[in-house]
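Asks: Next come a sequence and a model predicted from it.
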Amino acid sequence: MAKPKLTDAMIERVARRFRVMGEPQRLRILQVLEEGPRTVGDIVAELNGNQPNISRHLQGLYDAGMLRRRRERNSVYYSIADPVVHELCTLVCGIAEREAEMHLAALRGDRMAKSATTVS
C-alpha cells in the first residue's frame, strides 16, 4: 500500500524543521542536549559560545518544537522534546561519516597510485 502524500502544509512544516537544523551551532546544541537537560549557562560553557547567540539558537529550536524547557528557580533547563531528533541526527551523521571515510579512502588510493607509479 502506498504511503499517502503529504499536504503542502506538512511539507512546509518538514522543510522548516530541516532549515532549523541546517545551522551548525544548532546541531552542536542538539549534540550537547543528547546527554540530557542543560541550562543555558551549561550549554554556553560547553560550546565556548556567547550567551546571546546560544539563547537565540535555543529559542529557534524551541519555536520549532524540537526542544522543551523548564524553569527551576533562576535557571532554565532545555532538553530535546522529540526523540526522533536523536534518530535523525544519528542517521544524517552516519551518512556524513561514511561519505568522509569514502573520500579519505579515495584520497589515499590516489596517493598510493601516484607513489606506485613514481617508484616503478
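Replies: Happy to help now that I have it. Bear in mind that the values here come from a model prediction, so they are computed numbers and not experimental data. Numbers count the residues shown, from 1 in each chain.
Asks: Do a quick rundown of the strands in this protein.
Replies: 38-39, 67-72, 75-80 (DSSP state E).
Asks: so can I have JSON lines of those strands showing mean pLDDT?
Replies: Formatted as JSON lines, the strands of the chain follow (pLDDT from 0 to 100):
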{"stretch": "strand 38-39", "mean pLDDT": "96"}
{"stretch": "strand 67-72", "mean pLDDT": "94"}
{"stretch": "strand 75-80", "mean pLDDT": "94"}
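Asks: Using TSV, lay out these together with distance to residue 88.
Replies: (Glycine included, C-beta is placed from N, CA and C.) Putting these into TSV (distance: least, C-beta to C-beta, whole Å) gives the following:
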stretch	distance to residue 88
strand 38-39	20
strand 67-72	14
strand 75-80	11
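Asks: can you put the ones you listed in CSV and add mean neighbour count and distance to residue 97?
Replies: Shown next, in CSV, are the strands of the chain (neighbours: other C-beta atoms under 10 Å; distance: least, C-beta to C-beta, whole Å):
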stretch, mean neighbour count, distance to residue 97
strand 38-39, 18, 25
strand 67-72, 13, 25
strand 75-80, 16, 21
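Asks: between those, which one is nearest to residue 87?
Replies: The closest of these to residue 87 is strand 75-80. By C-beta to C-beta, the value is 10.9 Å.
Asks: ok, residues contacting the closest one?
Replies: Outside strand 75-80, the residues that touch it by C-beta atoms under 8 Å, 6 or more residues apart in numbering are 30, 33-34, 36-41, 43, 58, 61-62, 66-71, 86.
Asks: how about the helices in this structure?
Replies: Secondary structure of the chain by DSSP state H: the helices cover 8-21, 24-33, 40-47, 51-63, 84-119.
Asks: May I see these arranged in TSV, with distance to residue 77 and mean neighbour count as well?
Replies: TSV is the format used below for these (distance: least, C-beta to C-beta, whole Å; neighbours: other C-beta atoms under 10 Å):
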stretch	distance to residue 77	mean neighbour count
helix 8-21	20	12
helix 24-33	10	17
helix 40-47	9	16
helix 51-63	11	16
helix 84-119	17	11
